[in-house]
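S.K.: here is a sequence together with a model predicted from it:
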Amino acid sequence: MAVLESNLDTRSETYQQNRSEMIDKLSMLDDLYEEAARGGGEEAMERLHSRNKMAIRDRIGWVLDRDSPFLEISPLAAWRSAYEVGSGFVVGIGVIEGVECVILGHDPSVRAGAFNQFNSKKLMRGLEICRENRLPYVQFVESAGADLRGQGGGGDPEAAIRREGGHFAESGRLFYEITELSKMRIPTISVVFGASTAGGAYQPGMSDYNIFVKNQAMVSLGGPPLVKMATGEDADPEALGGADMHTAISGLGDYLAENEMDGIRLCREVVAHLNWRKQGPGPSLPADEPLYDADELLGIVSEDLTKPFEMREIIARIVDGSQFEEFKPRYGPTLVTGWASIHGYPLGILGNNGALMSESSEKASQFIQLTNQIDVPLLFLHNITGYIVGTDFEQGGITKNGSKMINAVTNSTVPHISVIVGASYGAGNYGMSGRAFGTRFTFIWPTAKIAVMGPKQMAGVMTIIGRRAAQRRGIEFDEEANAKRAETAEYWAEERSKGLFATSRVSDDGMIDPRDTRSIIAFALSACHNKEVNGTKEFGTWRM
């Protein structure tokens, strides 16, 4: 297989500026990750420790195999909201007794591990990853159920209930999802570390295996205050839902742990006896390191995404041995397609080198079909403003050929992994297998922007439409007022298109350091191979 030749000038002013901007972004990310790890803050953490309880990330760290990685999903959820960064849940993929598992943990230092609209999305995403990739599900439960206090922890109770209603159906879906995993023969394991009421009680209620920590776990549909209000009974917490009661009387608990570390030990033992086997093939090619330094990825993409860059430079720094067999290199050159491997896993790669034209869209359609013929996963590297527009391009069939590409993406059944390194606008996001298209994993770089269209284009389109509307009504178009509206619209479109805003709303699986791209893709590929990798040999109707 041919080795990619790099033409990146790491001494150039452009490279150095890009690198400096990226390092600043990564420094800010590190601060946000640290903020998420602090949970509810120093006082809340001290309160946990005074009760001989561990922080959620410590619990997860102890259950994982020694020196094994943990791929956290949406760690920056709820940024720039009234909730804490991370939203009180930790979700990710880790290795327990050699088995890749999705792990969900309630952070009891954040609003008693209660559900809100952000962490409900994270929870549902974790269950989706289990289902799509056939991964066992482990949940560390300590939850007060739904958060009825509102975004600020107080305020108008009626407004809080309305907000709660907005995500009630989504969080309630977890009962169905956990049960469905069991039906699909995907094991579900709960370790209950503390009080878990209402929706929190149903998490172990729907699980295959339940481990309750003695003198800490308390599981009941309603806690003592609710029981008092509903029935008048002054219920004793231990008799109502304690670990001893559930493991000896109700039968909800399967294992009684003496303390938190014993609960973690029992969790590892349960995973060890699952007799879990991956159904997909393992790595089949040499996992040679790329010829070029991953650190150089920091200076390739500019903060100004109107400045082009060569996608092959990124490919050369993430694939095994920097080897890449390019498919149709002379046809449709605005899309790079070809074969490579990452950590020994074969895959097909599609990367944007410009707008999607008719030719590049047709090439993508053919390439996607070929990867499905041989059961090879696909990696999409996004830097796309969209499909090309204009009279000549429409007459040349861009809508028809762009639809072919979207058809191919939709019908493809091999695993898709997307990494948004630059822009991902409009239908270009769909053609490059954006989150809406069942992509197994989606990660973004700090330079990423995701939107219906570019902010300047959006403001300009609004101006044109407004001017035409004024002409139809026979009134004078207020240029000054429009300029202010356009400026405001462009600002908010710009802010909301930034990758950090998108990742905080759980629209992807996390913002990553570009230098970690190769390792994270390899981890995702390994997770995908817990399930059989079968490409479809049948596609939908093609508009030829």
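M.R.: Happy to help now that I have it.
S.K.: work out the gap between stretch 271-285 and the centre of the chain.
M.R.: Per C-alpha atoms, centre = their mean, to the nearest Å, the displacement of stretch 271-285 from the mean C-alpha position of its chain is 23 Å.
S.K.: oh, I was asking about stretch 380-390
M.R.: 22 Å.
S.K.: helix/strand/coil for the nearest residue to Lys404 once chain neighbours are set aside?
M.R.: Nearest non-adjacent residue to Lys404, counting by C-beta to C-beta, 6 or more residues apart in numbering: Ser365, 4.4 Å away. For every residue, glycine as well, the C-beta is placed using N, CA and C. Using DSSP: H, G, I helix; E, B strand; the rest coil, the structure places Ser365 in helix.
S.K.: what ranges does the stretch 251-400 of the chain have for its helices?
M.R.: For the stretch 251-400 of the chain, the helices defined by DSSP state H, counting those that start in this stretch cover 260-272, 311-315, 358-373, 391-395, 398-411.
S.K.: comparing those helices, which yields the minimum mean pLDDT?
M.R.: Across those, helix 391-395 has the smallest mean pLDDT, namely a mean of 88.
S.K.: which positions in it come out as buried?
M.R.: Buried residues in helix 391-395, counted by 16 or more other C-beta atoms under 10 Å: Phe393.
S.K.: do stretch 79-94 as well
M.R.: Result for stretch 79-94 [16+ other C-beta under 10 Å]: buried residues 79, 83-94.
S.K.: straight-line length of it, end to end?
M.R.: 24 Å (C-alpha to C-alpha, to the nearest Å).
S.K.: now do stretch 419-435
M.R.: Note: stretch 419-435 ends 11 Å apart using C-alpha to C-alpha.
S.K.: what residue of this protein is the furthest out?
M.R.: For the chain, the C-alpha farthest from the mean C-alpha position belongs to Gly474; by C-alpha atoms, centre = their mean, that distance is 49.2 Å.
S.K.: my guess is the residue nearest to Lys404 meets Ala408, correct?
M.R.: Yes. Counting by C-beta atoms under 8 Å, Ala408 is a contact partner of Ser365 at 4.3 Å.
S.K.: of those two, who's got more company?
M.R.: Remark: of Ser365 and Ala408, Ala408 carries more neighbours, 25 against 22, as counted by other C-beta atoms under 10 Å.
S.K.: need phi/psi at the residue farthest from the centre of the chain.
M.R.: phi 70, psi 30 (degrees, to the nearest 10).
S.K.: quick check: it vs Glu480, distance?
M.R.: According to C-beta to C-beta, to the nearest Å, Gly474 and Glu480 sit 20 Å apart.
S.K.: and the helices of the stretch 251-400 of the chain as TSV, adding distance to Leu4?
M.R.: Formatted as TSV, the helices of the stretch 251-400 of the chain follow (distance: least, C-beta to C-beta, whole Å):
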stretch	distance to Leu4
helix 260-272	40
helix 311-315	6
helix 358-373	18
helix 391-395	30
helix 398-411	24
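S.K.: of those helices, which is nearest Ala448?
M.R.: helix 311-315 (13.0 Å; C-beta to C-beta).
S.K.: quick one: distance of the closest one to the chain centre.
M.R.: 23 Å.
S.K.: give me the helices and strands touching that helix, please.
M.R.: strand 335-342, strand 345-352, strand 378-384 (3 or more C-beta pairs under 8 Å, 6 or more residues apart in numbering; DSSP states H and E).
S.K.: quick one: mean pLDDT for the last one?
M.R.: Averaged over strand 378-384, pLDDT sits at 97.
S.K.: give me the contact list for it.
M.R.: 301, 305, 309, 311, 314-315, 342, 347-353, 355-356, 368, 371, 412, 414-425, 428-429, 431-434, 439, 448, 521 (C-beta atoms under 8 Å, 6 or more residues apart in numbering).
S.K.: could you dump that strand to CSV, C-alpha only?
M.R.: The C-alpha trace of strand 378-384 is given here as CSV (Å, rounded to 0.1, in the frame of the first residue of the first chain):
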residue,chain,number,x,y,z
LEU,A,378,-16.0,3.7,7.4
LEU,A,379,-14.3,6.8,8.8
PHE,A,380,-15.7,10.2,7.8
LEU,A,381,-13.4,13.2,8.3
HIS,A,382,-15.5,16.3,8.0
ASN,A,383,-14.5,19.7,6.7
ILE,A,384,-17.5,20.5,4.5
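S.K.: which of the helices and strands packed on helix 311-315 is buried the deepest?
M.R.: Neighbour counts (mean count of other C-beta atoms under 10 Å) averaged over each of the helices and strands packed on helix 311-315 peak at strand 378-384, with a mean of 25.
S.K.: just the angle between it and helix 398-411, please?
M.R.: 140 degrees (axes from the mean of the first three to the mean of the last three C-alpha atoms, to 10 degrees).
S.K.: can you tell me the strand partners of strand 378-384 and which way each runs?
M.R.: Pairing partners of strand 378-384, with direction, according to DSSP bridges: strand 345-352 (parallel), strand 416-425 (parallel).
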